[in-house]
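In: Please work out how this folds:
(2 chains)
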Amino acid sequence: MSQIDFFDARIIEGTVTAITLDNGDVDDISVNFSQGASVRALCHGSWGFTSIEGEIELNNALDSAKELAYKMNSYSPKDKIELASIEDPKIGNLPTIKINPNDISIAEKVSLLKDIEKNARVNGVKSTSLMYAESQVKLEYTNSEGIDCEYESVRTGFAISAIASENDQYQVGRESRFGIHGYEIFDLHDAYDLAQNAGNTAVDLLSAKQPPGGTLPVILDPELAGVFVHEAVGHASEADLVQEGSSVLKGKIGESVASSIVNVIDDPTLHEYGYYPFDSEGAQAKKNNIIKDGVLNSFLHSRETAHELGGRPGNCRSQGYSTPIVRMSNTYIENGDSNFDEMVEMINDGIYLSGSRGGQVNTGEGIFQFNAEKGYLIENGEITDLLKNVSLSGNTLDILNNVELVGNDLKMHSGRCGKNGQLIPVADGSPHIFVSQALVGGD
Amino acid sequence: MYELGEAALKLATSEGAEEAEVYVQTNYSTSSDVRNNKIESAKEQKVEGIGIRAIINGSVGFASTNISSKVEEAVRRAVSSARVRENDPDWQALPSNSKYPKVRGIMDENIKFMELETSLELTNQMIKSVDELDGVDVTSGSFSRSYGKKLIMNTNGVNVFEEETLVSGFVDTIARASNPSHISTAYDFQISRNLDIDIHNIGKNAAQLALKSQNGESITSQKTDIILHPFAITDLLESSFVPSLNSDNVQKGRSSLKGKIGEKIGSEELSIIDSGLLDNGINTSICDDEGSASKETKIIENGIFNSYLYDSYTAGKDSTESTSNSTRSSYNMIPNIAPRNFILKYPQSNVVEETADGIYITSLIGAHTANSISGDFSVEARNAFTIKNGEISKPIKSVMISGNIFELLHKISGAGFDVRLVGGTVTPSIKLTDMKVIGS
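Out: Numbering: from 1, shown residues only, chains lettered A, B, ... in the order given. Coordinates of the predicted model:
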């Protein structure tokens, strides 16, 4: 088929091991060995994708992707798709793994996890669960332009949750740490301490109050502000969403979209959970300033969107053998020059929201909703009562414009981000931020 | 498939497993994706893999692979993992071979053998119905079809093979406006085992809903009647209620429904049934994902709580029978407990017409942030409208609802005629009395 303009392939080989403990007993131990490939072909304005698992017959998969693209193009001819040009990526500065998880026996891992779990059982905790996972993945990329590159990555992490209950009331405390590390993840983080924190949070929340609802001044802690910047700003800056009209940031490059003290970055080269040396199109990973001094500076791009909207490729990613799409990596609000105490003083009366239970966003309308793990009432410039079931919702651009102070205590959190049914590892973060008004849900 | 399964079971036994099980899955799917009103790409995906459970002294080890040369290693790892775990005296046994029911409507040859051209034609119909309306665009959408086979074999004689098909379509739309704050979005989707979905209506509904939602007005915080569209009630129940039905959560002290069997937990006329046997059901199958014959379970009957959801292990622990709710989303997942077809029943009427003053909510943002044990939730409503004198009146700009699912079940006071399949949940619109809403 001479009409095929471009094709590429991702070949992935991986092993994932997971251990879960429930109330201190081993619940599951599982291992998965997998390999597969995903292949794309472009025929004028149409893409064909094929993904296969198991024994890889690359030529068959390639023929099938080419045929899909060709048939698509004959059925519904469209404008030609051009891809921004890229060069062979340079792979340096790969994260180093100090302790290969393969060198530690399952029995030893189980025994460490059991010790960690005991620390979550503070007085009042009725139930706990603990999860540990390690993955080793080798990814090879090759395309019709002659780019050929590969790298291997190791990721490990653990999550602890503790549940306290009293009079039909249940509260949960959670802590998790994931990273591009080997088994040294347990040297980098004090898992015993984190387990105890999870337990204490659950117990404390039992006696917490319901927040007052309504439009209020708020302080967001680094974790929740990180979730906000990822969900509300990061997704809206994904160029495929911009292109299809599903982003409030569409057409706003060069315009002020936030308070002038706000800087938002996406940087896959940071050795955080969303790290990669090149993306799923073989494009070199690079730092992007999404918002610079309050002004929208850049979207996140694939090769296709970079050519169409103007920009740099390097943010196209895929889960396993899925289709690559525009994604974030490590997304954060850059440090400012305020500190937390100043914020509490300035807010006088308001709410301090801390931790995250997740959120959701409508990037087209620029509306979001997040739940904090907990909150604190601030009265007369003092932190007072602990609050439970605190949620935050509103308009992305309103919140960005209402940021009055940005702290100097940036912290990153690891997580997994979902888009079009694909989950990928990412990190997000922020320093504490003070927002003059936001809609808080509660009583 | 059979030879692979037999060999794996044999090896597990010779490695020392007292019981063993294999789950072999093959799935072939194709889809076409839409962006900006155009069909952008065609996709095909082949999945094939095997999951192995090995049991020693009640302790279970699991391994999976899609590489045929790694199957033996996976079997050995499943057995060695089972040895690492402590003995579990609560373990009874893997299911035994039994009489399986007949189920209807889960396999459609038209879907199994659908050509790419047909699939593209259907995708086109879906987006054409949006084109027919002014001021609204398709931002994204997809039409997909799949055909799957599964084989479950274990050392207690279970040997089940089944084929199934699935088809689904969704459309996201945006209604344009010169003032960005008047832009509104909407979506619609349908899923079915058979080629009976109303493809034209998916696009039409999503387009009309986006247009109707433009120029939303602010409302004040108040207590009022709410009607939740099947999308909204399904989302809310899945996040805040369903986890408490899981017997594993109950046994581990993570369920608000612990000790509540026989108690009144919802309005008098509310019934909820879990069924693996529903004709054409998305989660219908002759057995669950560990080979227990499918059945029907009354979860709530006339407001009274009747049963948790069990697999063979948790049922053994409670000295009862499995409700056949062992589920896996893929061969590489350890089976867990989840509803099959989750059917809400309440006497139906013209709920909107009967509402003098209230709010209609199509879907929710943030339902998954609910406290899955206590049932507390606080969510943002999407495509919401005021109801005045029995009619849908004006779109609402922003409204949050917060509350507790176990209080909400008592507030159910009506259901519409509009029963939908929202994945495995089968429900009409549900009316709730005296709900707290937060306006802006």
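In: Check the contact between A:V227 and A:G359; I expect there is one.
Out: Yes: at 5.7 Å, A:V227 counts as touching A:G359 under the criterion of Cβ atoms under 8 Å. Placement of C-beta: from N, CA and C, glycine included.
In: residues bridging contact with these two, i.e. touching both?
Out: Each of A:F370 lies in contact with both A:V227 and A:G359 under the rule Cβ atoms under 8 Å, 6 or more residues apart in numbering or on different chains.
In: Comparing these two, which shows the higher neighbour count?
Out: Neighbour count, other Cβ atoms under 10 Å in any protein chain shown: between A:V227 and A:G359, A:V227 has more, with 27 against 24.
In: residues in contact with the more buried one?
Out: A:S356, A:G358, A:G359, A:F370, A:H413, A:D428.
In: In the sheet, which residues pair with residue 169? Tell me.
Out: Using chain A. A:E166 (DSSP bridges).
In: hm, I was asking about chain B
Out: B:F143, B:Q190.
In: what about it, how many residues close to it?
Out: Using other Cβ under 10 Å: B:G169 sits among 28 other residues.
In: Please, where are all the helices along the stretch 1-150 of chain B?
Out: B:2-14, B:71-84, B:109-112, B:116-131 (DSSP state H, counting those that start in this stretch).
In: of the ones you listed, which approaches chain A most closely?
Out: For chain A, the closest of these is helix B:71-84, at 3.9 Å, according to Cβ to the nearest Cβ.
In: Now name the helix or strand holding B:D434.
Out: Secondary structure assigned from DSSP states H and E places B:D434 in strand B:430-438.
In: Quick one: list the elements packing against that strand.
Out: Applying 3 or more Cβ pairs under 8 Å, 6 or more residues apart in numbering or on different chains; DSSP states H and E, we find strand B:430-438 packed against strand B:222-228, strand B:400-404, strand B:412-415.
In: Get me the contact residues on the stretch 201-350 of chain A for chain B.
Out: Contacts of the stretch 201-350 of chain A with chain B, taken as Cβ under 8 Å from any Cβ of the partner chain, map to A:G213, A:G214, A:T215, A:D240, A:Q243, A:E244, A:G245, A:S246, A:V248, A:Y321, A:T323.
In: can you rerun that using 10 Å?
Out: A:205, A:210-211, A:213-215, A:240-241, A:243-248, A:250-252, A:304, A:321-323 (Cβ under 10 Å from any Cβ of the partner chain).
In: Looking at the residues you listed, which are in strands?
Out: Secondary structure from DSSP state E places A:G214, A:T215 of those in strands.
In: Quick one: buried ones out of the residues of the stretch 201-350 of chain A next to chain B?
Out: A:205, A:211, A:213, A:240-241, A:243-248, A:250, A:252, A:304, A:321-323 (16 or more other Cβ atoms under 10 Å in any protein chain shown).
In: Identify the residues contacting the closest residue to A:L353 other than its chain neighbours.
Out: Leaving out its chain neighbours, the residue that sits closest to A:L353 by Cβ to Cβ, 6 or more residues apart in numbering or on different chains is A:A372, at 4.0 Å. Contact analysis of A:A372 by Cβ atoms under 10 Å, 6 or more residues apart in numbering or on different chains lists A:211, A:218, A:220-221, A:223-224, A:227, A:351-357, A:359, A:387-392, A:440, B:369.
In: Return the nearest residue of the stretch 201-350 of chain B with respect to chain A.
Out: Closest point on the stretch 201-350 of chain B to chain A, by Cβ to the nearest Cβ, is B:G253, at 4.3 Å.
In: So which of the contacts of A:V227 reach chain B?
Out: Within the contacts of A:V227, those near chain B by Cβ under 10 Å from any Cβ are A:S356, A:G358, A:G359, A:F370.
In: which of these has the most neighbours?
Out: Busiest of the ones next to chain B among the contacts of A:V227 [other Cβ under 10 Å] is A:F370, holding 28 neighbours.
In: what about it, is that helix, strand or coil?
Out: Counting by DSSP: H, G, I helix; E, B strand; the rest coil, the backbone at A:F370 sits in strand.
In: got it, and A:L194?
Out: Applying three-state DSSP: A:L194 is helix.
In: Tell me, what's the model's pLDDT at it?
Out: Looking at A:L194, its pLDDT is 98.
In: From A:V26, how far off is it?
Out: Using Cβ to Cβ, to the nearest Å, A:L194 is found at 20 Å from A:V26.
In: same question, B:I55
Out: Counting by Cβ to Cβ, the gap from B:I55 to A:V26 is 13 Å.
In: Give the intersection of the neighbour lists for those two.
Out: With Cβ under 10 Å, 6+ apart as the test, B:I55 and A:V26 both reach B:G61, B:D88.
In: What residues of stretch A:181-196 count as buried?
Out: A:H181, A:G182, A:Y183, A:E184, A:I185, A:F186, A:H189, A:A191, A:L194, A:A195, A:Q196.
In: tell me the contacts of the fifth one?
Out: Taking Cβ under 10 Å, 6+ apart as the definition of contact, the neighbours of A:I185 are A:98-99, A:101, A:132, A:134, A:155-158, A:177-179, A:191.
In: Produce a ChimeraX select command limited to the buried residues of these.
Out: Of the contacts of A:I185, the buried ones go into a single ChimeraX selection, burial set by 16+ other Cβ under 10 Å:
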select /A:99,101,132,134,155,156,157,158,177,178,179,191
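In: which other helices and strands contact the lengthiest helix in chain A?
Out: In chain A, ranked by residue count with DSSP state H as the criterion, the top helix is helix A:58-75. Under the contact criterion of 3 or more Cβ pairs under 10 Å, 6 or more residues apart in numbering or on different chains; DSSP states H and E, helix A:58-75 touches strand A:4-22, strand A:25-43, strand A:46-53, strand B:19-35, strand B:38-56, helix B:116-131.
In: most packed of these?
Out: strand A:46-53 (a mean of 25; mean count of other Cβ atoms under 10 Å in any protein chain shown).
In: That one near chain B at all?
Out: Yes: Strand A:46-53 comes into contact with chain B (Cβ under 10 Å from any Cβ), by way of A:S46, A:W47, A:G48, A:F49, A:T50, A:S51, A:I52, A:E53.
In: Alright, calling it a day.
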